[in-house]
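>>> sharing a sequence plus its predicted fold:
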Amino acid sequence: MKKILIIVITLLGFSILKADAQYVKTRPGVSVSVSVGAPGPAPYRGAVWIGPEWAWRSGRYVEVPGYWGNPGRHRGWAYGHWKHARKGYKWVPGYWK
């Protein structure tokens, strides 16, 4: 039982460190390889262009290319944005609303 408790506490400690690591002091710049707008006409009626976005991978933010998404009825895409806090900037991903 004591061993399980130590493992749980250790894992919780690592999860707190991981969550804290997603803040950066400066926002990453958009590279030339990332397209700002849709690449062309929608592949189907009602398709919504999503992106580009940012994802936290291997201890840093990396660009994720955009894609066409299906919003469903009466839904729209809220674009992701950089949120500033005391610790730095954090990417808030886009979502369907």
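Alright, I've got the coordinates.
>>> give me the number of residues near R57?
Counted by other C-beta atoms under 10 Å, the residues lying close to R57 total 9. C-beta: built from backbone N, CA, C; applies to glycine.
>>> partner residues bridging it?
With DSSP bridges as the criterion, the beta-bridge partners of R57 are R60.
>>> check what pLDDT W54 gets.
Per-residue confidence (pLDDT) for W54: 93.
>>> that one sits in which helix or strand?
Assigned by DSSP states H and E, W54 falls within strand 53-57.
>>> touching that strand from outside, list them.
Contact with strand 53-57 is made by 21-22, 28, 61-64, 66, 80, 91, 93-94, as judged by C-beta atoms under 8 Å, 6 or more residues apart in numbering.
>>> are any of those residues buried, and which?
61, 63-64, 66, 80, 91 (16 or more other C-beta atoms under 10 Å).
>>> any chance of the residues you listed in TSV with pLDDT as columns?
TSV is the format used below for those (pLDDT from 0 to 100):
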residue	pLDDT
Y61	90
E63	91
V64	91
G66	90
G80	92
W91	92
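>>> rewinding a little: which pair in the contacts of strand 53-57 spans the largest distance?
The most widely separated members of the contacts of strand 53-57 are A21 and G66, with 25.7 Å between them, by C-beta to C-beta.
>>> where does the chain have low pLDDT?
Within the chain, the ranges that satisfy pLDDT under 70 run 1-21, 24-38.
>>> what about the strands in it?
With DSSP state E as the definition, the chain shows strands at residue ranges 48-50, 53-57, 60-64, 67-69, 77-78, 81-85, 88-92, 95-96.
>>> and the fifth one, what does it pack onto?
Going back to what we said before, that points to strand 77-78. Strand 77-78 makes packing contacts with strand 95-96 when contacts are defined by 3 or more C-beta pairs under 8 Å, 6 or more residues apart in numbering; DSSP states H and E.
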